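Colleague: have a look at this prediction, sequence included:
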Protein chains: 2
Amino acid sequence: MTQYNSVTQEIIEQIVAAIGAENVYTDEVKKEPYSHDELVGKKYNKIPELVVLPTTPEQVAAVVKIANEHTIPVIARGAGTAFTSASVALFGGIVISTERMNQILEIDEENMFMVVEPGATTATVQKAANEKGFLYAGDPCSGDSSFIGGNIGTNAGGNKAVKYGTTRQQVAGVEIVTAEGDIVTLGGKLKKDSSGYNLFHLIIGSEGTLGIVTKCYLRLVPLPESQMDVLAVFPSLKTAIEVVPKIMSAGVNPVCVEFMDNGSVRNCEAYLNESLPDSENGNYIIVSIEGDNEELLEEQLGTIDEICTENGASSVLIADPERIWKARKIYAEADRAISIVTSMEDIVVPTTHIPETIETIAELGEKYGLTIHCAGHAGDGNIHANILKKDLSDEEWDEKLHAIQEEIYAKVYELGGKLSGEHGIGYKRKAVLAQYTNPVEIKLMQAVKKALDPKNILNPGKVIDVE
Amino acid sequence: MTQYNSVTQEIIEQIVAAIGAENVYTDEVKKEPYSHDELVGKKYNKIPELVVLPTTPEQVAAVVKIANEHTIPVIARGAGTAFTSASVALFGGIVISTERMNQILEIDEENMFMVVEPGATTATVQKAANEKGFLYAGDPCSGDSSFIGGNIGTNAGGNKAVKYGTTRQQVAGVEIVTAEGDIVTLGGKLKKDSSGYNLFHLIIGSEGTLGIVTKCYLRLVPLPESQMDVLAVFPSLKTAIEVVPKIMSAGVNPVCVEFMDNGSVRNCEAYLNESLPDSENGNYIIVSIEGDNEELLEEQLGTIDEICTENGASSVLIADPERIWKARKIYAEADRAISIVTSMEDIVVPTTHIPETIETIAELGEKYGLTIHCAGHAGDGNIHANILKKDLSDEEWDEKLHAIQEEIYAKVYELGGKLSGEHGIGYKRKAVLAQYTNPVEIKLMQAVKKALDPKNILNPGKVIDVE
């Protein structure tokens, strides 16, 4: 790891002079909330030397320039909703929070783009689009609090990815501050572009390690008039999951096909303290469809109902979306209520391998005596397996977690899958990424990182190590 | 420019030993077809020192390893349908033609992906997908001859980009041979992936300068049951173009909105030697829609008819797709019949700026006394302005072309546009890319190129210069 310099009083003064004292936190109490994300555990937490809250791209650039000059890490941070310690200053340095750059700058209705600052929450962006009759199709579960800049940082997926793709597909360009503190726009309000290397796709999913996003050019699509949600309940997880490919190929073009295993359902029920349908032994499949033609949607609902019933569903409900989605979205939070420490896995496999993957995870849970709650995006192959520490000792937990992860990841890669579908690598998965990825690909990633951040100051020690 | 070594007899023997004499061309006559693409002009043509026609990724890797060891350029080549001298060995070296790697390797119906070799033509890929009930949505005008590897190289757009996006959106991964001759798969049959830097998006559109594509993982979508095409004829180009945003926002979700100016229509008519509708002064707008519900499509046709008629169309025809698309697709070829030398521009602007851009081009054509035929993808902002040399002397042509391009590009960049929507940069546009792009972005591109191709052997002198 590069030898970094400390943030001295003199450097703080330079930064204060550049961006104003009101945008700089030196106080330990004020800095504490920036010491972690959703990943709990001492080795994942650290209070940053300094927190800055710039209000303009120029202020971000000023901070990065100073950091670059003095070889100090700068860690871009959104809302801190990641599960990977991606935005924690584990190797010292300055956290750059984008929370004060939260404006919707433009909604270009004619060209169907919007331009927003990275600190706007996903929900704010969605709402602004809706108000003009458009859909911003990015929709992570954490959207009420997550920032759009963070969504870009991890290429967040979420609940509309089956139909619309992940955040990557919603982005047409970004303005970034480079490692040297220059501001540059990559891409823009263009529907096509073959003018040189596409660098904004490289920035998407790079978790602040190749540049800091200061402006986001987002695609809009027409807002569908109606959305309908179906909840199908299955007595076994296996039958539930096996229905997914049948729905996917039925020509109903779902927005999403989500699943929750019975453990997740029961735990969400307890956490919400309200009864959920067939919770005693039900495994959930949630399908959303949308469109402008109610008649067509009703027909599609019928098709989904039929497929689920024929394939073993104990009940199929036209779900109250509010209630069902509340359970699905609260899944991680509900787990934390019974186990402060968890490991939220985010594996992704070709969709046909979901049944096998989930079966393997269930078997491994039994083998190691670990509680695992599975839920996720069955329609796009992305499985969240939340492994719960509960009352295990730290040693037992570390040992068992390591062992089960090794077995899960080996299976996932054997099936053509990968470590992360939407949460990213951060610090947590860095070592296993290096372990399971073709060394040639790791070498290319390292070369790109060195090329764009030669002093290794942009969120160092995340995604990959360069030395 | 790097000092390259020549391809000596000894090196030829090494290559023959590695990939077989039957896959190596040393004969001038056999090499000649690889000396140019569709861009005519002595400075754009050069017979390569050697042409190799490998049949496997391992053979590609073997050639690149030898070239890397001896610092010899390697130029990946598809069907040679580019307009930018992208695949010509202008700085010497070995052309690697992918024409013998042309197999459809797999159609994974359940996961909706196909895996193909780079030398398969786009049409072959489309047909293979159709036969299984799927659509491969990439559809460049040159699709009957262009290779899928070339489509990836330039991030080709084409006739379905309004609805489905460009080639980039159809690709889920590539296998490449790196500059050092290693074989690596980037991406794969996954619908989501946040496992480290996305390198395959960097390869897409990099024109063989960052790696050589040896396998393509393509997304499939369900094949729509019907497609319908409308031809609306307008007496003036201005009214024709102004109808485009109205169609785009009418909720009919077109597959494409194409246009052809009157000069193009008349020239295609003469070339095809068959009469086209209202060709005397008609400017064409072609709209395609598709779907599974004929009733809905009929309704959408009605909407398009209404919008066009209300906005000045002299006639609206439910077009015989064969006939209309033949004209649109033959546009460049028809121009070449009256002017061997042309400059095919490929500018892209935010869609709302199309009218202003086209007006500017028409004015500049008059100012410089140059014949320009405009056609292209109005629905996504991509304009092909084909500037014809006709009987100008080489000196006059060079001078006038340079002057008019300067004015066109200045306008395009002023409007937030770029040089190339789908054809790429190649050699032809390298200098103007450097001229019009933010130097910070150029510097980042150069850093990436140096990182992935440190000896600058992969298609050198294309896209950007690194020294």
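Modeller: Alright, I've got the coordinates.
Colleague: and A:Ile183, how many residues sit next to it?
Modeller: Neighbourhood size, A:Ile183 [other Cβ atoms under 10 Å in any protein chain shown]: 19. From N, CA and C alone the C-beta is placed, and that goes for glycine too.
Colleague: A:Thr154: what's it in contact with?
Modeller: A:82, A:86, A:167, A:205, A:207, A:422-424, B:194 (Cβ atoms under 8 Å, 6 or more residues apart in numbering or on different chains).
Colleague: could you dump those to TSV with pLDDT?
Modeller: Converted to TSV, the contacts of A:Thr154 look like this (pLDDT from 0 to 100):
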residue	pLDDT
A:Ala82	94
A:Ala86	96
A:Thr167	98
A:Gly205	98
A:Glu207	98
A:Glu422	96
A:His423	97
A:Gly424	97
B:Ser194	97
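Colleague: among these, which two are most distant?
Modeller: A:Ala86 and A:Thr167 (14.5 Å; Cβ to Cβ).
Colleague: flag every buried residue along the worst-scoring helix or strand of chain A on mean pLDDT.
Modeller: None of the helices or strands of chain A scores lower by mean pLDDT, DSSP states H and E than helix A:321-329, at a mean of 83. Residues of helix A:321-329 classed as buried: A:324-325, A:327-329 (neighbour count, 16 or more other Cβ atoms under 10 Å in any protein chain shown).
Colleague: same deal with stretch A:338-354?
Modeller: Per 16+ other Cβ under 10 Å, stretch A:338-354 contains these buried residues: A:339, A:341-354.
Colleague: and chain A, what are its domains?
Modeller: Using automatic domain parsing, the domain parsing of chain A gives A:9-99, A:104-222, A:226-322, A:339-426.
Colleague: return the most buried member of the ones you listed.
Modeller: domain A:104-222 (a mean of 23; mean count of other Cβ atoms under 10 Å in any protein chain shown).
Colleague: just give me how far it sits from the chain centre.
Modeller: Relative to the centre of its chain, domain A:104-222 is centred 13 Å away, using Cα atoms, centre = their mean, to the nearest Å.
Colleague: how long is it end to end?
Modeller: With Cα to Cα, to the nearest Å as the measure, domain A:104-222 spans 18 Å from end to end.
Colleague: show me the buried residues of stretch A:338-354 that map onto strands.
Modeller: Residues of these located in strands (DSSP state E): A:342-344, A:347-348.
Colleague: contacts with chain B among these, please.
Modeller: Applying Cβ under 8 Å from any Cβ of the partner chain to these, one finds that A:Val348 fall near chain B.
Colleague: which elements pack onto the least confident helix or strand of chain A?
Modeller: strand A:226-234, strand A:256-260, helix A:262-272, strand A:283-291 (3 or more Cβ pairs under 8 Å, 6 or more residues apart in numbering or on different chains; DSSP states H and E).
Colleague: to chain B, which of the ones you listed lies closest?
Modeller: Chain B sits nearest to strand A:283-291 of all the helices and strands packed on helix A:321-329, at 10.2 Å, using Cβ to the nearest Cβ.
Colleague: could you spell out the sheet neighbours of that closest one, each with its direction?
Modeller: Taking DSSP bridges as the criterion, strand A:283-291 forms sheet pairs with strand A:226-234 (antiparallel), strand A:256-260 (antiparallel).
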